[in-house]
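[1] with the input below, show me the fold.
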Amino acid sequence: EKYYIIRKNLLTMLFKRGYNIQMCSILMDYSKFKKINLSKKKFCLSFDVYTNRDFFSDKITAFVRLKNGLSTLIMNRKIATMAFLNVNHGIFIIKSIGTSCLKSTVVYQKFFKLEFFYEYEMLFNVTKHFLVPKHEIISNTEKKKLLKNYNVRSSQLPKILLQDPLSRYYGANTGDIFKITRFNNSSGIYLTYRVCY
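    I've put the predicted structure just below:
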């Protein structure tokens, strides 16, 4: 069941980031997942290569390693797989990571965009929490329009850290601006903006 929740949350996250994910994969129920997992060996650990809907050169894949920690040897194999598939972006869902493996990721970060999520981070969808308002990253054209309308620089907007769970969930980069839709009993719907730094 743990692998089912991780898979569902990961595919939902990629869909919200703008990758081509089939809705039937996200909405798959546990009994169907279990049936496929019995017929296909390691189905729960394998993910396809997904292409971004807006940028076709942006391809992403994911790797799950929960039984043992992520070692340098396993990391090298996964990076070789990414290079073979011509994928420039990888997500690793891990239980733990070795120090030597962390050192090698610094070298790989020059050629690939690598993201690491611990198992417990993927067992819960942070955007579904009742205290978290709706977040979305605005496009560059919306960003220019916003800054022009308010006559401000992006550095003058309220900040959100790159290490914030929501920034990591949406794969935000430095300078990206979040549009946050909040609901209030007195004023109704109001928008706020935060810049990633």
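[2] can we go C-alpha only for contacts and neighbour counts from here?
    Noted.
[3] what pLDDT does Tyr169 get?
    Looking at Tyr169, its pLDDT reads 94.
[4] please determine how far it is located from Val106.
    Between Tyr169 and Val106 the computed distance is 21 Å (Cα to Cα, to the nearest Å).
[5] more neighbours, those two?
    A count of neighbours by other Cα atoms under 10 Å puts Tyr169 above the other of Tyr169 and Val106, at 20 against 11.
[6] what's the closest non-adjacent residue to the residue nearest to the spatial centre of the chain?
    Note on the chain: the residue nearest the mean C-alpha position is Tyr169, at 4.4 Å, using Cα atoms, centre = their mean. Excluding its sequence neighbours, the residue lying closest to Tyr169 (Cα to Cα, 6 or more residues apart in numbering) is Met13, at 6.5 Å.
[7] export the host helix or strand of the one you found to PDB, keeping only CA atoms.
    Per DSSP states H and E: Met13 is located in helix 2-16. This file holds the C-alpha atoms of helix 2-16, laid out as PDB (Å, rounded to 0.1, in the frame of the first residue of the first chain):
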ATOM      1  CA  LYS A   2       2.900   2.300   0.700                       C
ATOM      2  CA  TYR A   3       4.200   2.000  -2.900                       C
ATOM      3  CA  TYR A   4       0.700   2.800  -4.200                       C
ATOM      4  CA  ILE A   5       0.500   6.000  -2.200                       C
ATOM      5  CA  ILE A   6       4.000   7.100  -3.200                       C
ATOM      6  CA  ARG A   7       3.300   6.400  -6.900                       C
ATOM      7  CA  LYS A   8      -0.100   8.200  -6.800                       C
ATOM      8  CA  ASN A   9       1.400  11.300  -5.000                       C
ATOM      9  CA  LEU A  10       4.400  11.400  -7.400                       C
ATOM     10  CA  LEU A  11       2.300  11.200 -10.500                       C
ATOM     11  CA  THR A  12       0.000  13.900  -9.100                       C
ATOM     12  CA  MET A  13       3.000  16.100  -8.400                       C
ATOM     13  CA  LEU A  14       4.400  15.600 -12.000                       C
ATOM     14  CA  PHE A  15       0.900  16.400 -13.400                       C
ATOM     15  CA  LYS A  16       0.700  19.700 -11.400                       C
END
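[8] that one - contacts with which helices or strands?
    For helix 2-16, the elements it packs on are helix 23-26, helix 119-122, helix 165-170, judged by 3 or more Cα pairs under 8 Å, 6 or more residues apart in numbering; DSSP states H and E.
[9] now those in JSON lines, with distance to Phe55?
    JSON lines is the format used below for those (distance: least, Cα to Cα, whole Å):
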{"stretch": "helix 23-26", "distance to Phe55": "20"}
{"stretch": "helix 119-122", "distance to Phe55": "25"}
{"stretch": "helix 165-170", "distance to Phe55": "16"}
